[in-house]
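Engineer: output the structure for:
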Amino acid sequence: MHAEERHQAILRRLREQGSLRVTEFAEELRVSPVTVRRDIEALAERGLIARVHGGAVLQESHAQSTGPAQPARKRPEGGAMTFGLIVPAADYYYPEVIKGAQEAAGDRGIRLVLGISQYSPEQERAHAAQMLADGVDGLLITPCGSAAAASWLAELAVPHVLVERRPGDDISGAERVVTDHVYGARLAVRHLADAGYRRIGLMLREDSPHGALLLEGYRGGLVSAGLEPPGGDESALFRLPPPAGDAAERERLLDALADAAGEGLLDATLIHNDHDAIVLLQRLRSRGLDVPGDIAVVAYDDEVASLADIPLTAIAPPKHAVGAAAVDLLAQRVADPGRARHLLAILPELRVRASSAPTSP
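Structural biologist: Numbering: from 1, shown residues only. All right, here's what the predicted structure looks like:
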């Protein structure tokens, strides 16, 4: 049995019975009494339980806590805090989030420990369990599953902040720092409209957790510009499978958007994400279509958009600022557990490049 499993077993027993004796519980778990004593010491240092002669009891404050507002871990006088950061990937989008968090933690004298879930809820929980066993003071996390799948976060014994995840149906009250993706999509559409484009489409990666927000912003941007989706809402919307998904459907949709551009049904499009925007750009050029002459392209994420053979205009989420703000928010929560809960939305910016030059008068 791993340390975190033993810790959870101790906490369950104390919630059920209020106290436990080391020798009896060690025999029940089939471990040595020394091991249980060490587990009790670790939990006591985090402020979750109180040691008594021969055993432990549950701290009154912890016994009465049912939500995510858990008591802060007790550290030795002058000890530095440690935060855990769990993100789905370290090769796209999240490197800047990690860098921002790392710099903010360094400025505050906080040690940051990183875990990469690779979009696996099981790995995500395993990283969290190890971090808790190692005694982190707080957790920053980008859950890779649904709100229901991440419901275990509400049971954490340390404060946590969600990174780049909107509430949705989640009513846990967890604090979070997000990019305002609705604003980002509206900004892209408004840019295209102001540049003279009138038939603006949208291509979304169907597995993106931000897809619904981008669609909301796209529709809102059209309304604010006095435009309608060309050919109707569904005709202008292309939901692209990921590269590892349905390859035939990906090809069909990329061809469909290129066909729409060639037939003059679309004169501009917003594409999430950069990789798909570059793939589409190559498809358009192979057909002899001019960008932006036949169709303007705006990418969303700005990871590699500037490296395309025709540099792509892009919406750039404030990834570095999101990581830094998440650390700051968690540090404030640890310092003041009773403060009001926050949802911080940071605005992305538009970076204009050659792919969306204004149309001729």
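Engineer: residue ranges with poor pLDDT in this protein?
Structural biologist: Regions of the chain meeting the criterion pLDDT under 70 cover residues 1-2, 4, 46-47, 59-79, 146-150, 167-172, 233, 360-361.
Engineer: what distance do you get for the spatially closest residue to residue 25 that is not a sequence neighbour to residue 267?
Structural biologist: Nearest residue to residue 25 in three dimensions, chain neighbours excluded: residue 36, at 5.6 Å (Cβ to Cβ, 6 or more residues apart in numbering). C-beta coordinates here come from the backbone N, C-alpha and C atoms, glycine included. As judged by Cβ to Cβ, to the nearest Å, residue 36 and residue 267 stand 70 Å apart.
Engineer: out of those two, which sits in the busier spot?
Structural biologist: residue 36 (25 against 21; other Cβ atoms under 10 Å).
Engineer: quick revisit: which strand or helix spans the residue nearest to residue 25?
Structural biologist: Secondary structure from DSSP states H and E places residue 36 in helix 33-45.
Engineer: what number of residues lie near residue 37?
Structural biologist: 16.
Engineer: I figured it hits residue 22, correct?
Structural biologist: Yes. Under the criterion of Cβ atoms under 8 Å, residue 37 makes contact with residue 22 at 5.8 Å.
Engineer: and the strands in the stretch 201-350 of the chain?
Structural biologist: Per DSSP state E, counting those that start in this stretch, the stretch 201-350 of the chain carries strands over the ranges 237-240, 268-272, 296-300, 313-316, 343-346, 349-351.
Engineer: now those strands in TSV, with distance to residue 58?
Structural biologist: Below are these laid out as TSV (distance: least, Cβ to Cβ, whole Å):
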stretch	distance to residue 58
strand 237-240	49
strand 268-272	47
strand 296-300	48
strand 313-316	48
strand 343-346	31
strand 349-351	49
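Engineer: tell me which of the ones you listed sits nearest to residue 5.
Structural biologist: strand 343-346 (33.0 Å; Cβ to Cβ).
Engineer: packing partners of that closest one?
Structural biologist: Contacts defined by 3 or more Cβ pairs under 8 Å, 6 or more residues apart in numbering; DSSP states H and E place strand 343-346 against strand 175-179, helix 319-335.
Engineer: buried set for it?
Structural biologist: Buried residues in strand 343-346, counted by 16 or more other Cβ atoms under 10 Å: 344, 346.
Engineer: for it, which strands pair with it and how are they oriented?
Structural biologist: Paired strands of strand 343-346, with direction, are strand 175-179 (parallel) (DSSP bridges).
Engineer: so which residues make contact with the helix or strand following the strand it pairs with?
Structural biologist: Counting by DSSP H and E, the next helix or strand C-terminal to strand 175-179 is helix 181-194. Under the contact criterion Cβ atoms under 8 Å, 6 or more residues apart in numbering, helix 181-194 has outside partners 200, 202, 210, 213-218, 220-222, 224-225, 227, 268, 270, 296, 298, 300, 313, 315, 317, 347-350, 352, 356.
Engineer: drop anything exposed from those residues.
Structural biologist: Buried, going by 16+ other Cβ under 10 Å: 200, 202, 210, 213-215, 217-218, 220-222, 225, 227, 268, 270, 296, 298, 300, 313, 315, 317, 348, 350, 356, out of those.
Engineer: now the helices for the stretch 51-200 of the chain?
Structural biologist: For the stretch 51-200 of the chain, helices defined by DSSP state H, counting those that start in this stretch occupy the ranges 60-63, 94-107, 121-133, 181-194.
Engineer: so what's the residue count around the spatially closest residue to residue 332 that is not a sequence neighbour?
Structural biologist: Among residues not flanking residue 332 along the chain, residue 339 sits closest, at 6.5 Å (Cβ to Cβ, 6+ apart). Neighbour count for residue 339, taken as other Cβ under 10 Å: 11.
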